[in-house]
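# Fold the following and give me the result.
(chains A and B)
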Amino acid sequence: EVQLVESGGGLVQPGGSLRLSCEASGFTFIRYWMTWVRQAPGKGLEWVANIKQDGSEKYYVDSVKGRFLISRDNAKNSLYLQMNSLRAEDTAVYYCARGAYGGKWDFDYWGQGALVTVSS
Amino acid sequence: DIRMTQSPSSLSASVGDRLTITCRASQSIATYLNWYQQKPGKAPKLLIYGAASLQSGVPSRFSGSGSGTDFTLIISSLQPEDFATYYCQQSFSAPVTFGQGTKLEIK
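Down below sits the predicted model:
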């Protein structure tokens, strides 16, 4: 059974940093693109970043470029999102998701989400 | 960025109804269109990919169609577990973008 479990969410002050983790199981992690998608409270879905199987390609939405860093450790079946210079508008539930069918822009399995709250 | 617009934003329906949700892209996206279902407090679930392909395990009462800029999600006979929010998503070009969602409520 495919499972994605996020951790690391919490309350952080504006300008602060937080690192999210996503532990994968039930599939061969190294074969898949991995993605972070977020959802602000009561709002829709927003793609944040994704990373190729070997980490050689990374893409970010403009609003987080230069502040967020996506990475992965294939030996640990884990995906990460380092979030720096956090802003109130980054407050959201952050989901990790797997690229469907080996692709990078379709998402077939999602974790349960980690809540990040940026507030003073 | 490609803008995705869903209609309606919300609707009320009854068990057994046939339901159609539409999604329009601001430019042609061929058939690079996915549909997701999200229930309150849960992660989204992929229902349809490539505009018309049913994801494994998804009931056959769900179907999708369209190409270019106009797409539809049809639920042929609503079941109690179908009441949720539905999102379309274009996977044609980065940044991938989602529609604003269609919230389906019980009448």
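
# what about residue A:8, distance to residue A:110?
16 Å (Cβ to Cβ, to the nearest Å). C-beta coordinates here come from the backbone N, C-alpha and C atoms, glycine included.

# whoops, residue B:59 was the one
Using Cβ to Cβ, we find residue B:59 at a distance of 19 Å from residue A:110.

# Between those two, point out the one with more neighbours.
Taking other Cβ atoms under 10 Å in any protein chain shown, residue B:59 and residue A:110 do not tie; residue A:110 has more neighbours (22 against 13).

# Burial check on residue A:13, number of neighbours?
10.

# ok, it to residue A:82 distance?
Applying Cβ to Cβ to residue A:13 and residue A:82 gives a distance of 17 Å.

# all strands for the chain, in order.
All of this is about chain A. Per DSSP state E, chain A carries strands over the ranges A:3-7, A:10-12, A:18-25, A:34-39, A:45-51, A:58-60, A:68-73, A:78-83, A:92-99, A:107-110, A:114-118.

# My question was about chain B, not that one.
For chain B, the strands defined by DSSP E cover B:4-7, B:10-13, B:19-25, B:33-38, B:45-49, B:53-54, B:62-67, B:70-75, B:85-90, B:97-98, B:102-106.

# Redo the ones you listed as TSV? Include distance to chain A and mean neighbour count.
Conversion of these to TSV gives the following (distance: least, Cβ to the nearest Cβ, whole Å; neighbours: other Cβ atoms under 10 Å in any protein chain shown):
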stretch	distance to chain A	mean neighbour count
strand B:4-7	9	18
strand B:10-13	13	13
strand B:19-25	13	20
strand B:33-38	6	26
strand B:45-49	5	22
strand B:53-54	10	14
strand B:62-67	13	18
strand B:70-75	14	20
strand B:85-90	6	24
strand B:97-98	4	22
strand B:102-106	11	16
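
# out of those strands, nearest to residue A:64?
Among these, strand B:97-98 comes nearest to residue A:64, with 14.8 Å by Cβ to Cβ.

# if we can go back for a sec, can I get the strands of chain B in JSON lines including distance to residue A:33 and mean pLDDT?
JSON lines is the format used below for these (distance: least, Cβ to Cβ, whole Å; pLDDT from 0 to 100):
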{"stretch": "strand B:4-7", "distance to residue A:33": "21", "mean pLDDT": "98"}
{"stretch": "strand B:10-13", "distance to residue A:33": "33", "mean pLDDT": "95"}
{"stretch": "strand B:19-25", "distance to residue A:33": "22", "mean pLDDT": "97"}
{"stretch": "strand B:33-38", "distance to residue A:33": "14", "mean pLDDT": "98"}
{"stretch": "strand B:45-49", "distance to residue A:33": "14", "mean pLDDT": "97"}
{"stretch": "strand B:53-54", "distance to residue A:33": "18", "mean pLDDT": "97"}
{"stretch": "strand B:62-67", "distance to residue A:33": "22", "mean pLDDT": "98"}
{"stretch": "strand B:70-75", "distance to residue A:33": "23", "mean pLDDT": "98"}
{"stretch": "strand B:85-90", "distance to residue A:33": "15", "mean pLDDT": "98"}
{"stretch": "strand B:97-98", "distance to residue A:33": "17", "mean pLDDT": "98"}
{"stretch": "strand B:102-106", "distance to residue A:33": "27", "mean pLDDT": "95"}
